[in-house]
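Visitor: 3D, please:
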Amino acid sequence: MKKKHFLLVISVLFLPTLIQGKNDQKVFQNEKTNRGIYIELFGASNLIGLSYDSRLNPTSNWGYRVGISYYKNGNSKLTGSNSNSAIFSPLEINYLLGKKKSKLELGVGTSLGLYKENTSFAGSQKIFGYYLFSNIGYRYQAKKGLLFRTGISPSFSFKGKHGLEKNTFFYPYISLGYSF
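Guide: Reported below is the predicted structural model:
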């Protein structure tokens with residue numbers, strides 16, 4: 001008897017969710033997920049990067065970002081090397097607050113990459129590394145057309161073999177792209 005009551009309660013609790021899910025599928029067939037591609041200067045890209053951004057579904061404020069970035073510097077603060085460069089990928093989960101084209105963007109992610117360091121005493125070496133970042137900023141995104149982002153990106157890493165940031169840094173960022 002307890003098993004039947006349990007199943008009845010579970011059915012009553014989850015039936016509205018199942019019905020709403022079917023209604024959402026009909027809405028999703030008529031709407032397209034808001035996506036965009038943009039070039040980012042600084043921030044999680046460090047120097048310059050290209051990223052693809054998408055909402056999880058047409059009605060969701062939750063989204064993700066996948067990108068590729070390039071960095072080059074004459075001096076490394078990490079090892080005291082003469083020069084370093086990197087190709088890495090920022091991966092982020094983000095949330096947009098706002099109902100129209102202008103929104104507050106909040107995100108958290110990691111940047112994984114292959115870093116090449118050239119030193120005068122040890123030659124060249126390649127290192128896998130990561131750092132964690134967050135984004136707090138403004139986003140203007142039309143359904144189709146202009147995508148603009150600006151804000152600040154605090155970054156840090158846990159102490160460890162592959163952690164790149166020894167301290168917390170606050171990098172500003174600016175992005176310009178196309179929404180489709």
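Visitor: and the residue nearest to the spatial centre of the chain, what are its bridge partners?
Guide: Within the chain, the residue whose C-alpha comes closest to the C-alpha centroid is Glu92; the distance, by C-alpha atoms, centre = their mean, is 2.2 Å. The residues listed as beta-bridge partners of Glu92 by DSSP bridges are Arg65, Gly109.
Visitor: wait, what's in contact with it?
Guide: Applying C-beta atoms under 8 Å, 6 or more residues apart in numbering to Glu92 gives the contacts 44, 64-65, 107-109, 133, 135. Just so you know, the C-beta spots here come from the backbone N, C-alpha and C atoms, and that holds for glycine as well.
Visitor: PyMOL command to pick out the buried ones of these?
Guide: Applying 16 or more other C-beta atoms under 10 Å to these leaves a buried subset, and the PyMOL line that selects it is:
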select buried, resi 44+65+107+109+133+135
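Visitor: can you tell me which of the contacts of Glu92 lies nearest to Ile152?
Guide: Out of those, the one with the shortest distance to Ile152 is Asn135. That distance is 7.8 Å, counting by C-beta to C-beta.
Visitor: do you know how far that closest one is from Gly123?
Guide: 36 Å (C-beta to C-beta, to the nearest Å).
Visitor: Grab the nearest non-local neighbour of Gly145.
Guide: Ser179 (6.0 Å; C-beta to C-beta, 6 or more residues apart in numbering).
Visitor: And that neighbour, what's its pLDDT?
Guide: Reading off the per-residue confidence, Ser179 sits at a pLDDT of 96.
Visitor: Contact partners for Phe88?
Guide: If a contact means C-beta under 8 Å, 6+ apart, then Phe88 has 46, 68-69, 71, 111-115, 129 as its contacts.
Visitor: Write the ChimeraX selection for whichever of these are buried.
Guide: Written as a ChimeraX command, the selection of buried residues from the contacts of Phe88, which uses 16+ other C-beta under 10 Å, is:
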select :46,69,71,111,113,115,129
